[in-house]
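Student: sharing a model prediction with you, sequence too.
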Amino acid sequence: MIREIDSDAVKELRGLNQKNSIAQAFFDWAIQRQRDAAETRVDRLAYKADIDRRDVIELAHHLEDIGCAKFIVGRRGGKSRIQWNFSLRSMAEAAKGQSAALQKVQPDEAALAEEEDEDIGDAVAENMIRHGYQLRPDILITIDLPEDLSKKEAERLAAFVSSLPFGG
């Protein structure tokens with residue numbers, strides 16, 4: 001029975017990878033990982049895979065529907081996160097057609113230490129939200145802003161952009 005579920009999940013992951021550019025970016029990031037993690041914060045995944053936070057949440061729901069993860073909403077100061085049912089690398093390999101099997105997630109102490117070490121480097125991104133703006137049909141710009149951006153800070157940022165020199 002478990003093999004059948006895994007087989008269905010692999011098919012779903014491949015379909016998701018083929019049809020969804022956000023999923024492709026996620027799988028590109030996941031396949032490069034050296035170690036596994038039992039869960040990943042939404043903000044961290046958005047930052048590491050260079051995906052908009054809202055898109056990460058939507059992807060988490062897709063992966064939950066497939067049976068590969070559980071999305072956990074952050075409450076009372078806790079961060080929203082994704083709890084993995086399978087190894088990130090094995091999901092990415094399956095999605096990209098490099099494997100036909102999913103491996104259960106088995107984070108080790110080194111992987112947990114890796115997560116903690118990388119969190120130190122991500123401190124700037126911790127309370128940031130990535131925003132996308134379609135400047136032109138072929139140009140999407142992104143900017144990371146604090147989740148508690150004040151009106152005054154937004155006005156200062158707008159003034160900065162207005163002060164940039166423009167070409168003829």
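Tutor: Perfect, thanks for sending it. Numbering: from 1, shown residues only.

Student: can you tell me what sits against stretch 127-135?
Tutor: 43, 46-47, 51-53, 140-148 (C-beta atoms under 8 Å, 6 or more residues apart in numbering). Just so you know, the C-beta spots here come from the backbone N, C-alpha and C atoms, and that holds for glycine as well.

Student: buried among those residues? Need that as a selection in ChimeraX.
Tutor: ChimeraX command restricting the contacts of stretch 127-135 to the buried ones, with burial defined by 16 or more other C-beta atoms under 10 Å:
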select :43,46,47,51,52,53
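
Student: list the helices and strands the host helix or strand of Val10 packs on?
Tutor: Assessed by DSSP states H and E, Val10 sits inside helix 2-19. Applying 3 or more C-beta pairs under 8 Å, 6 or more residues apart in numbering; DSSP states H and E, one finds that helix 2-19 makes contact with helix 21-31, helix 53-66, helix 88-95.

Student: what's the most distant pair in the contacts of stretch 127-135?
Tutor: The span of those, defined through C-beta to C-beta, is set by Leu140 and Asp148 at 24.6 Å.

Student: give the buried residues for the helix holding Val10.
Tutor: For helix 2-19, the neighbour count (16+ other C-beta under 10 Å) marks 6, 9-10, 12-14, 16-17 as buried.

Student: can you verify Ile129 is assigned to a strand?
Tutor: Yes: under DSSP: H, G, I helix; E, B strand; the rest coil, Ile129 falls within a strand.

Student: so how far is Lys48 from it?
Tutor: 15 Å (C-beta to C-beta, to the nearest Å).
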